[in-house]
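K.L.:
Got a sequence here, can you model it:
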Amino acid sequence: MLDDIDIAELSHRPGLKWARATGGTIAAWVADMDFPPPDPVRDAIAGADLCYPVWEQDPGANPLIGAYVRRTQSKWGHRPEPNSIRFFTEMIQALQAILYVATAPGDAVAMHTPSYPPFLETIELMGRRLVPIPMVDTGSRWTFDIDRRALAECTALILVNPQNPTGRVFTHDELAALAAVAETHDLLVIADEIHAELTYEPHRHLPFASFAPHRTITLASASKAFNLAGLRCAIADVAVPHVRKALDALPPRMLGEPGTAGILGTLAAWEHGDPWLAEVRALLARNRDLVAAAFPGQHPPEGTYLAWLRMADPAGWGVLLNPGPDFGPGGDGYMRLNFATSRPVLDEILRRLATR
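P.N.:
Predicted coordinates:
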């Protein structure tokens, strides 16, 4: 049934993605899937007790702590320490809180570019200075060179892996090289691994915390893999003691926290949503191949459901994409296409873009 969704149905959805797609335009921009979330998530939310949760007084009683530890260990062989886990409403909030307590205005922060626009905006609005690590098209894939002199002036590195928007899944050697530089220059590494469960064979996600365990803060959420962005639930494995201490010193609830629906919905996804995820991953792999066939000579993503395409803005073609310049340095001349949709919708997207 996930592959039977049509444009008429989607056009009535009230969320941001389709609300912006007016006048018959197809939404292929913001990173929401068009697939409905897993039934176990819906059931968990519908049956939730919405009184004050017990973990409000006893954070260690939060059932998502154990679920996250078990899933991370079973998927990637890395075991987070339960007492290092903190909760946020979303990745942006977690990033901003960590930068607030661990860096100062004027500090330099490295990040691969082009990059996720809200991360770029966060660095600018918080008065930190971006040091780009440019993604480079070698002709066969996207890669990067490490400018060790530039990184020497940085306080922190934001590592998005799988990378958004290029879709790269960084290799063992690439991550090991970054870990070595982080060690040499005493960098705090904030690893956004929100797309970790959405990689394509033969590529494999490797947690950065397994390379630099004592200097890495890992950000995770079920929101991308299970299409749950509106639940507002994110996890940070704050394995760096001084950062954890600084976060805990803030006034209680100053940063907000996920509600019961977010916690229980995420728990249901991780504990009961894998059959749904397997079906979605198969559809995404097929869609990735369809996009690659429609745009020969460009690099299919190794992870995510986002294609980074060298093309002109298709304004007036009836497809809403994310403009490349929004992703900062290296974004000119590109567009980002979200292909997490049904076959009929994707076929129509590609038909319209064929006039490019």
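K.L.:
Got the domain ranges for this protein?
P.N.:
The chain is divided into the following domains under automatic domain parsing: 2-37+274-353, 44-272.
K.L.:
Same list (the ones you listed) but as JSON lines, adding mean neighbour count and mean pLDDT.
P.N.:
Every residue, glycine included, has its C-beta placed from N, CA and C. Listed next are the domains of the chain as JSON lines, based on neighbours: other Cβ atoms under 10 Å; pLDDT from 0 to 100:
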{"stretch": "domain 2-37+274-353", "mean neighbour count": "18", "mean pLDDT": "96"}
{"stretch": "domain 44-272", "mean neighbour count": "19", "mean pLDDT": "96"}
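K.L.:
Going along the chain, name the strands of the protein.
P.N.:
Assigned by DSSP state E, the chain shows strands spanning 26-27, 85-88, 108-113, 129-137, 142-144, 154-160, 188-192, 216-220, 234-238, 306-310, 319-320, 322-323, 334-338.
K.L.:
Given the first one, what are its sheet partners and their directions?
P.N.:
What it means is strand 26-27. Strand 26-27 has the following sheet partners, assigned by DSSP bridges: strand 319-320 (parallel).
K.L.:
which residues of the stretch 101-250 of the chain fall in helices?
P.N.:
With DSSP state H, counting those that start in this stretch as the criterion, the stretch 101-250 of the chain has helices at 117-125, 148-151, 172-184, 241-248.
K.L.:
Distance to residue 16 added to the strands of the chain, as JSON lines?
P.N.:
Converted to JSON lines, these look like this (distance: least, Cβ to Cβ, whole Å):
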{"stretch": "strand 26-27", "distance to residue 16": "9"}
{"stretch": "strand 85-88", "distance to residue 16": "20"}
{"stretch": "strand 108-113", "distance to residue 16": "24"}
{"stretch": "strand 129-137", "distance to residue 16": "26"}
{"stretch": "strand 142-144", "distance to residue 16": "28"}
{"stretch": "strand 154-160", "distance to residue 16": "21"}
{"stretch": "strand 188-192", "distance to residue 16": "20"}
{"stretch": "strand 216-220", "distance to residue 16": "21"}
{"stretch": "strand 234-238", "distance to residue 16": "18"}
{"stretch": "strand 306-310", "distance to residue 16": "16"}
{"stretch": "strand 319-320", "distance to residue 16": "11"}
{"stretch": "strand 322-323", "distance to residue 16": "13"}
{"stretch": "strand 334-338", "distance to residue 16": "12"}
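K.L.:
can you tell me which of the ones you listed comes nearest to residue 7?
P.N.:
The closest of the strands of the chain to residue 7 is strand 26-27. By Cβ to Cβ, the value is 6.2 Å.
K.L.:
Strand 334-338 and the helix ranked longest in the chain, what's the angle between them?
P.N.:
In the chain, taking DSSP state H as the definition, the longest helix is helix 274-294. Counting by axes from the mean of the first three to the mean of the last three Cα atoms, to 10 degrees, helix 274-294 points 140 degrees away from the direction of strand 334-338.
K.L.:
From the rest of the structure, what touches helix 274-294?
P.N.:
2-3, 33, 35, 37-40, 197-198, 200-201, 225-226, 298, 300-301, 305, 307, 337, 339-343, 346-347, 350, 353-354 (Cβ atoms under 8 Å, 6 or more residues apart in numbering).
K.L.:
That one vs strand 306-310, what angle?
P.N.:
Interaxial angle of helix 274-294 relative to strand 306-310 (the same axes, to 10 degrees): 10 degrees.
K.L.:
Dump helix 274-294 to CSV, restricted to CA.
P.N.:
Presented in CSV, the C-alpha positions along helix 274-294 are these (Å, rounded to 0.1, in the frame of the first residue of the first chain):
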residue,chain,number,x,y,z
ASP,A,274,11.5,-2.8,11.4
PRO,A,275,9.2,-4.7,9.0
TRP,A,276,7.8,-1.3,7.9
LEU,A,277,11.4,0.0,7.6
ALA,A,278,12.5,-2.9,5.4
GLU,A,279,9.6,-2.3,3.0
VAL,A,280,10.5,1.4,2.8
ARG,A,281,14.2,0.8,2.3
ALA,A,282,13.3,-1.4,-0.7
LEU,A,283,11.1,1.3,-2.2
LEU,A,284,13.8,3.9,-1.6
ALA,A,285,16.5,1.7,-3.2
ARG,A,286,14.3,1.3,-6.3
ASN,A,287,13.5,5.0,-6.4
ARG,A,288,17.2,5.9,-6.1
ASP,A,289,17.9,3.8,-9.2
LEU,A,290,15.0,5.5,-11.1
VAL,A,291,16.4,8.9,-10.3
ALA,A,292,19.9,7.8,-11.3
ALA,A,293,18.6,6.5,-14.6
ALA,A,294,16.9,9.9,-15.2
